[in-house]
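In: pasting the sequence and the predicted coordinates here, then a few questions.
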Amino acid sequence: MTKILMRLLREPLLHFFAAGAVIFFLYANNDGSGESAPDTIAISAVQIDRLTAQFNAIWRREPTADELVKLVNDYVREEVYYREALALGLDQNDAVVRQRMRQKIEFLSDTGAQLLEPTEAELQAFLKTNEMKYQQGTRLALEQLDLGQMPTPTDIAQKLQELNANPTTTKPISGERSLLPAEIRLSRPDAIDSIYGNGFFAQISEFPVGQWAGPVHSSYGIHLVRILDRRAAQAPGLATMRASVLRDWRAEKAVELRELDYLARKDRFTIEIYGRESQPAEATP
């Protein structure tokens with residue numbers, strides 16, 4: 001019996017519903033309106049503090065006495081109209097109101113998921129399952145020779161032959177004057193494209209290391225490129241990506257728990273959906 005109880009206490013779903021119950025209780029009882037009867041609108045100190053905080057968040061200062069009076073009066077006006085609208089049934093069959101109520105319930109469900117704390121093993125398993133999402137792409141270090149806008153095929157072939165005749169040289173044969181860097185260290189595809197133009201990395205990604213190759217086209221002209229180093233794509237460890245993995249794990253749990261919460265609430269109702277011939281149709285979750 002004790003083992004079963006301990007296992008239940010460690011169950012994340014139990015934690016979720018407990019947290020949701022607490023949040024719902026606080027949400028429902030911390031409105032601050034201070035209502036004591038259906039025909040009474042009582043403005044509590046908590047509500048005044050909330051109005052003051054909202055004003056401060058917008059204007060970056062405390063409201064003056066006159067401004068605070070206006071805030072309270074506006075809130076009273078809003079409450080009067082709100083209660084009258086409810087009394088007239090204006091909230092019924094209103095798509096906006098229905099959507100807002102749904103969002104509030106889903107918010108309570110999602111907030112419960114944010115309180116969940118996974119074990120290191122759970123995070124590690126999540127990282128392994130979603131390895132491609134966190135994988136760091138191939139990185140390249142390179143040097144390039146700018147041949148200008150319109151080199152002839154003969155010029156390109158000659159330059160390639162001269163460069164590869166002495167592949168150990170650290171100083172490439174002189175090319176066109178350019179503001180582009182002649183060499184860059186290990187960089188991601190987006191960083192390389194940001195320097196030499198979109199699509200540059202895709203053209204050189206399969207070039208062999210240590211050998212001049214080309215031609216490579218960019219918006220600046222024609223280039224010859226030598227790959228100096230290549231680092232294959234790899235997934236970083238949990239220690240490096242823990243914050244991102246934890247955020248994504250909780251987001252996935254929020255979706256799961258929202259669905260479980262919906263199914264639990266749905267079970268309280270009898271769902272009848274009628275088709276064109278007044279026959280009940282099967283209801284989907």
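Out: That came through, no problem.

In: what segments of the chain are helices?
Out: Here the chain has its helices, by DSSP state H, at 2-9, 12-29, 45-59, 65-87, 95-114, 120-129, 131-134, 153-165, 189-196, 200-204, 238-266.

In: what lies in contact with the fourth one?
Out: Identification of contacts with helix 65-87 by CB atoms under 8 Å, 6 or more residues apart in numbering yields 33, 38, 41, 43, 47-48, 51-52, 55, 63, 91. The way it works is simple: take the backbone N, C-alpha and C, and place the C-beta from them, glycine included.

In: give me the buried entries from those residues.
Out: Buried by 16 or more other CB atoms under 10 Å: 41, 43, 47, 51, 55, 63, out of the contacts of helix 65-87.

In: ok, the most centrally placed residue in the chain - contacts?
Out: Residue closest to the mean C-alpha point of the chain, counted by CA atoms, centre = their mean, is residue 248 at 8.0 Å. Neighbouring residues of residue 248 by CB under 8 Å, 6+ apart: 126, 130, 133.

In: neighbour-wise, which one of the residues you listed leads?
Out: Tallying neighbours with other CB atoms under 10 Å puts residue 126 at the head of the contacts of residue 248, with 18 neighbours.

In: for it, give its distance to residue 101.
Out: 32 Å (CB to CB, to the nearest Å).

In: sorry, back to before: the contacts of residue 248 into CSV, with extra columns for distance to residue 84 and pLDDT?
Out: Shown next, in CSV, are the contacts of residue 248 (distance: CB to CB, whole Å; pLDDT from 0 to 100):
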residue, distance to residue 84, pLDDT
126, 50, 87
130, 51, 82
133, 51, 74
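
In: can you put those residues in CSV and add distance to residue 225?
Out: Shown next, in CSV, are the contacts of residue 248 (distance: CB to CB, whole Å):
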residue, distance to residue 225
126, 39
130, 34
133, 30
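
In: closest one of those residues to residue 190?
Out: residue 133 (16.6 Å; CB to CB).

In: got the contact list for the closest one?
Out: Residue 133 is in contact with residue 248, counting by CB under 8 Å, 6+ apart.

In: out of the contacts of helix 65-87, flag the one nearest to residue 138.
Out: Nearest to residue 138, judged by CB to CB, of those is residue 55 at 52.0 Å.

In: my guess is the closest one meets residue 63, correct?
Out: Yes - with contact defined as CB atoms under 8 Å, residue 55 reaches residue 63; the gap is 4.6 Å.

In: any figure for the gap between the residue nearest to residue 191 when sequence neighbours are not counted and residue 139?
Out: Using CB to CB, 6 or more residues apart in numbering and skipping residues adjacent in sequence, the residue nearest residue 191 is residue 184, 8.0 Å away. Residue 184 sits 10 Å away from residue 139 when distances are taken as CB to CB.
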